[in-house]
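# After the sequence you'll find the predicted model.
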Amino acid sequence: MKLYNMNLSNFATKCRLAIYEKGLNIEMAPIPGGDLHSAEYAKVNPLGKTPALDVDGLLIPESEVINEYLEDKYPTPPLLPKSPEGRAKVRILTRFHDLYLEPPLRALFYQMDPKTRDEKLVGEKVAEFKNRVDQLEKMLADGGFACGANFTLADCALAPTMFFVTNLMPIFGVIALDGHPKLAAWWTHVQTRPSVKKGLAEMGEALAAMQRGGN
């Protein structure tokens, strides 16, 4: 089994966290051709996105599908609760992350340079992102991890994106943890998890390398 992976990708990191939590021996494969849009990678994954999991010739794209597959295939240690209600709570947060929290943040990735920045777009996306963070604050459990005492797929989804939130959003004047005590407490707590420490360190190294390359 191998994961087509880029360490700076929050969605690929989401899957690496699940892999680290479960102690799985899965190869971390670079993107063929070194580019998501390369002809070589298009032959592997026509969607041209990372991550993608190769399971003996079966290609599984999309981070949440990959993580659900890994949970089904390797249920111990569990990253989903036993009860249908508990599983639903986790999936609400992972769905919220993928569809609502992450997209406005991603749109701002392309607005980092003040010289080429679309101020109207930035204003719209910053407002949207702030609203999503307010919503997330209400959805998080009180204390512990995202859905309670146990580390779950919700934490796998949220932690890598919070890396970008804390490192990049201050450029746009947004300190997401301010005024969000549950989010701040969760962020402090989740970073104590060995898998998260490892995944975020990999993201940090990749970001530093990218910044060095841009200088």
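Yep, it's here. Numbers count the residues shown, from 1 in each chain.
# and the next element down the chain from whichever strand or helix holds Arg132?
Assigned by DSSP states H and E, Arg132 belongs to helix 119-139. Counting by DSSP H and E, the element after helix 119-139 in chain order, helix or strand, is helix 153-168.
# before we move on, the earlier item: and the helix holding Arg132, what's buried?
Of the residues in helix 119-139, Val122, Lys125, Val126, Glu128, Phe129, Arg132, Val133, Leu136, Glu137, Met139 count as buried by neighbour count, 16 or more other C-beta atoms under 10 Å. C-beta: built from backbone N, CA, C; applies to glycine.
# what's the host helix or strand of His189 packed up against?
Element membership of His189, judged by DSSP H and E, is helix 181-190. Applying 3 or more C-beta pairs under 8 Å, 6 or more residues apart in numbering; DSSP states H and E, we find helix 181-190 packed against helix 119-139, helix 153-168.
# redo that, cut-off 10 Å
Judged by 3 or more C-beta pairs under 10 Å, 6 or more residues apart in numbering; DSSP states H and E, the packing partners of helix 181-190 are helix 119-139, helix 153-168, helix 194-214.
# between those helices, which gets nearest to His180?
Between His180 and those, the tightest spacing by C-beta to C-beta is seen for helix 119-139, at 4.5 Å.
# residues making contact with that closest one?
Helix 119-139 is contacted from outside by 89, 92-93, 96-97, 100-108, 110-111, 114, 118, 146-147, 154, 158, 162, 165, 169, 171-174, 176-184, 186, using C-beta atoms under 10 Å, 6 or more residues apart in numbering.
# How many residues are close by Ala184?
Neighbourhood size, Ala184 [other C-beta atoms under 10 Å]: 14.
# Tell me the pLDDT of it.
Note for Ala184: predicted pLDDT of 97.
# Excluding sequence neighbours, find me the nearest residue to it.
Leu177 (4.3 Å; C-beta to C-beta, 6 or more residues apart in numbering).
# before we move on, back to that, which of the helices and strands packed on helix 181-190 has the lowest mean pLDDT?
Of all the helices and strands packed on helix 181-190, helix 194-214 has the smallest average pLDDT, which comes to a mean of 92.
# what's in contact with it?
5-10, 12-23, 28, 112, 151, 155-156, 159-160, 162-164, 166-168, 189-191, 193.
# Can you flag the buried ones in those residues?
5-10, 12-22, 28, 151, 155-156, 159-160, 162-164, 189-190, 193.
# Just the angle for the helix or strand bottoming out on mean pLDDT in the chain relative to helix 153-168, thanks.
Every helix and strand of the chain was ranked by mean pLDDT, DSSP states H and E. The lowest is helix 194-214, at a mean of 92. Orientation check (axes from the mean of the first three to the mean of the last three C-alpha atoms, to 10 degrees): helix 194-214 against helix 153-168 gives 30 degrees.
# Show me how far helix 194-214 is from its chain's centre.
Chain-centre distance of helix 194-214: 13 Å, with C-alpha atoms, centre = their mean, to the nearest Å.
# in that helix, what counts as buried?
Here helix 194-214 shows Ser195, Val196, Gly199, Leu200, Glu202, Met203, Leu207 as buried, counting by 16+ other C-beta under 10 Å.
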